[in-house]
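In: could you work out the structure for the sequence below:
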Amino acid sequence: MEKVNLREKFALFSDHWRPRIAGELNGQQVKLVKFAGAFEWHHHVDEDEMFLVIEGEFVMEFRERKVELKKGEFLIVPRGVEHRPVAEREVQVMLLEPAGTVNTGNVRSELTAERLDWI
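Out: Here you go, the predicted structure:
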């Protein structure tokens, strides 16, 4: 049992859209990721995802609407819902999702991170 300092963990990497695993609990993983620009439109067949903004802000786009998220706010995207995060500037996000969830869900592209590193 060790505490996790988010500022220190986010300082360990600079790339975007490649989540790092910071912890696990009850079959879920706590992942840290930096966003910049627009991600892939995708959905997850079996997994809900929680996005918590640690620093910065971004917009979660859905086909019918957009949700703006700022520091200290979170959003849960239910399984099966098509979505795309978009960040004008770099944003730091904590994800909570089932272990093994692939970041691009039903889509495979150069942004797909099949294997994640622990930090």
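In: now do the strands in this structure.
Out: Assigned by DSSP state E, the chain shows strands spanning 20-25, 28-38, 49-55, 57-61, 66-70, 74-77, 84-98, 117-118.
In: mind putting those strands into a markdown table with mean neighbour count and distance to residue 107?
Out: Using the backbone N, CA and C atoms, a C-beta is placed for each residue, glycine as well. Formatted as a markdown table, the strands of the chain follow (neighbours: other CB atoms under 10 Å; distance: least, CB to CB, whole Å):
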| stretch | mean neighbour count | distance to residue 107 |
| --- | --- | --- |
| strand 20-25 | 15 | 21 |
| strand 28-38 | 19 | 13 |
| strand 49-55 | 18 | 14 |
| strand 57-61 | 18 | 15 |
| strand 66-70 | 13 | 20 |
| strand 74-77 | 16 | 15 |
| strand 84-98 | 18 | 10 |
| strand 117-118 | 10 | 21 |
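In: so can I have TSV of the ones you listed showing distance to residue 7 and mean pLDDT?
Out: Formatted as TSV, the strands of the chain follow (distance: least, CB to CB, whole Å; pLDDT from 0 to 100):
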stretch	distance to residue 7	mean pLDDT
strand 20-25	12	97
strand 28-38	11	97
strand 49-55	9	98
strand 57-61	18	98
strand 66-70	18	98
strand 74-77	18	98
strand 84-98	9	97
strand 117-118	18	94
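In: residue 13 is nearest to which of those?
Out: For residue 13, the closest of these is strand 20-25, at 6.2 Å, according to CB to CB.
In: how far off centre is the closest one?
Out: Mean C-alpha position of strand 20-25 versus that of the full chain (CA atoms, centre = their mean, to the nearest Å) differs by 12 Å.
In: which residue comes closest to the spatially most central residue of the chain once chain neighbours are left out?
Out: Relative to the mean C-alpha position of the chain, the nearest C-alpha, by CA atoms, centre = their mean, is the one of residue 95, at 4.6 Å. Excluding the flanking residues, the one nearest residue 95 by CB to CB, 6 or more residues apart in numbering is residue 31, at 4.1 Å.
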